[in-house]
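Trainee: predicted model and sequence follow; I will ask about them next.
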Amino acid sequence: MARKPIDVYQGLIKTKLSVDSVSHIESVVGRYDDHILAGRKLSFHLRRFAEFWCRHAAFLDNRETTNLSDLTTAIDLLDYFTSTSKWWTMTREDPGLTLRLPSRDPREFIKSIPLIQMGGETLGRVAGARDRLTRFLEEHELGDDNTRTALTEHLVSIWLLLCGFSCKGQGRNITTEEDFETSYDIVRILLFYMSLNDFRALTAVRQIATDPNLPKIAVIGFSPGFERKLDSSLAASLERVHGEYLTKVATSTPGASRNILTNSLRLLGQIQAMKLGMTRIEKEDYDSIIVAAMNLLETLDVPSQMLQDESEVVNLFKNLQPGAGVDEKISLLTRRIEGLLVDSAGNRDYVLQYARMVPRIIALLLLVAAATKMQPTEPLQDRDLKRGLILLGKLFSD
């Protein structure tokens with residue numbers, strides 16, 4: 001277990017909601033006031049969900065007061081459970097959130113939850129879990145009666161919501177004991193096993209794919225002269241000479257990883273050109289754009305000289321060897337980004353403008369993930385992708 005329950009519960013009890021967080025939560029859940037779940041307004045349970053995970057995000061970040069970033073994390077977590085499938089397969093051995101393609105509209109899904117009937121076995125297990133948690137908090141003298149009750153009742157609402165989400169997501173109308181088991185285990189994984197980066201990656205991937213500057217970046221083109229210079233660059237040469245190291249990761253991202261360096265430079269060049277108000281990058285812009293792209297790499301914790309030294313590039317390519325199951329997660333992440341782009345831009349604009357953006361985004365993500373690995377000798381892990389996403393999200397938001 002990554003974190004001790006006593007430490008987590010104590011931290012949650014100490015963490016307070018900011019005034020801004022409270023007001024923003026109301027604006028999000030208020031639209032569900034007319035719906036009822038387990039004898040309470042659906043908005044009541046959703047408010048508790050948002051408050052609890054907002055405080056949890058602050059706790060993981062070693063703060064005792066929440067901010068709007070924590071609330072964003074909580075809302076993105078709610079969106080994850082309500083817009084994607086198969087989240088209930090998460091395990092303690094593999095506790096990360098799988099960033100898969102959304103399969104439904106989250107608002108409509110939430111509105112359908114009151115149609116779910118809470119089975120007697122589900123409600124009995126929820127009541128038993130409430131009593132056990134209350135006794136645990138009392139035995140360890142965590143908080144006072146009011147804070148203990150508040151913490152316990154927040155978890156009751158979360159268990160009920162996840163029971164409903166699990167049941168509906170699997171095409172059933174009455175919850176079972178299995179739905180409670182799923183709900184209970186998922187909450188424990190989120191509380192005690194999952195890293196802060198796992199939560200923040202949900203926000204990062206959404207921010208990247210829905211960034212308001214993305215339409216400006218996507219339409220920036222490259223002249224044939226610029227492309228020829230890039231194709232004859234050291235980066236392109238190293239991709240050709242040492243491409244065998246990219247074979248494994250290329251199976252899930254062929255358009256991105258085979259040209260990981262040059263695709264990354266293209267995207268960074270487009271970002272720089274957008275900042276300068278350019279709509280096309282010409283041959284004569286090559287030197288200044290590439291220098292600016294290298295400088296942007298530095299802001300992503302990637303030393304720019306890494307792309308200018310052959311031995312460093314070889315090591316980088318070797319660091320891209322995916323660990324078990326990571327190739328599938330890269331593929332699912334790619335589809336998630338594609339889906340978010342289609343939702344925000346429409347199919348036509350996606351094909352015309354954004355289709356080439358996706359392999360460039362994935363290439364830069366893989367470059368950052370491999371270059372910033374905490375354990376360089378280990379295969380590329382899911383945690384490396386999540387860290388890369390967060391760094392990439394900051395680049396776009398800045």
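Mentor: Received it, and whenever you're ready, just let me know what you need.
Trainee: how far off centre is stretch 275-293?
Mentor: 31 Å (Cα atoms, centre = their mean, to the nearest Å).
Trainee: over to stretch 131-151?
Mentor: Counting by Cα atoms, centre = their mean, stretch 131-151 is centred 32 Å from the centre of its parent chain.
Trainee: ok, residue 203 - contacts?
Mentor: Residue 203 makes contact with 72, 73, 76, 393, according to Cβ atoms under 8 Å, 6 or more residues apart in numbering. Just so you know, the C-beta spots here come from the backbone N, C-alpha and C atoms, and that holds for glycine as well.
Trainee: rerun at 7 Å
Mentor: By Cβ atoms under 7 Å, 6 or more residues apart in numbering, the contact set of residue 203 is 72, 73, 76.
Trainee: quick one: low-confidence parts of the stretch 1-150 of the chain?
Mentor: Residue ranges of the stretch 1-150 of the chain with pLDDT under 70: 1.
Trainee: can you give me the strands in the stretch 1-150 of the chain?
Mentor: 36-37, 40-41 (DSSP state E, counting those that start in this stretch).
Trainee: tell me which of the ones you listed lies nearest to residue 357.
Mentor: Closest of those to residue 357 is strand 36-37, at 39.8 Å (criterion: Cβ to Cβ).
Trainee: partner strands of the closest one and their direction?
Mentor: strand 40-41 (antiparallel) (DSSP bridges).
Trainee: and for the strand it pairs with, what are the contacting residues?
Mentor: Applying Cβ under 7 Å, 6+ apart, the contact partners of strand 40-41 are residue 33.
Trainee: ok now that strand, how far from the chain's centre?
Mentor: 30 Å.
Trainee: ok, back up a step: minimum distance to residue 101: which of the strands of the stretch 1-150 of the chain has it?
Mentor: Proximity to residue 101 (Cβ to Cβ) singles out strand 36-37 among those, at 26.9 Å.
Trainee: what comes into contact with that closest one?
Mentor: For strand 36-37, contacts defined as Cβ under 7 Å, 6+ apart pick out 42, 45, 113, 114, 160, 164.
Trainee: show me where the stretch 51-200 of the chain has its helices.
Mentor: Listed in chain order, the helices of the stretch 51-200 of the chain (DSSP state H, counting those that start in this stretch) span 68-83, 106-112, 120-139, 145-169, 177-192, 196-209.
Trainee: take the ones you listed and lay them out in JSON lines including distance to residue 376.
Mentor: Below are the helices of the stretch 51-200 of the chain laid out as JSON lines (distance: least, Cβ to Cβ, whole Å):
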{"stretch": "helix 68-83", "distance to residue 376": "29"}
{"stretch": "helix 106-112", "distance to residue 376": "38"}
{"stretch": "helix 120-139", "distance to residue 376": "41"}
{"stretch": "helix 145-169", "distance to residue 376": "37"}
{"stretch": "helix 177-192", "distance to residue 376": "28"}
{"stretch": "helix 196-209", "distance to residue 376": "18"}
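Trainee: circling back: would you convert the contacts of residue 203 into JSON lines that also reports distance to residue 220 and neighbour count?
Mentor: Formatted as JSON lines, the contacts of residue 203 follow (distance: Cβ to Cβ, whole Å; neighbours: other Cβ atoms under 10 Å):
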{"residue": "72", "distance to residue 220": "28", "neighbour count": "19"}
{"residue": "73", "distance to residue 220": "31", "neighbour count": "25"}
{"residue": "76", "distance to residue 220": "29", "neighbour count": "20"}
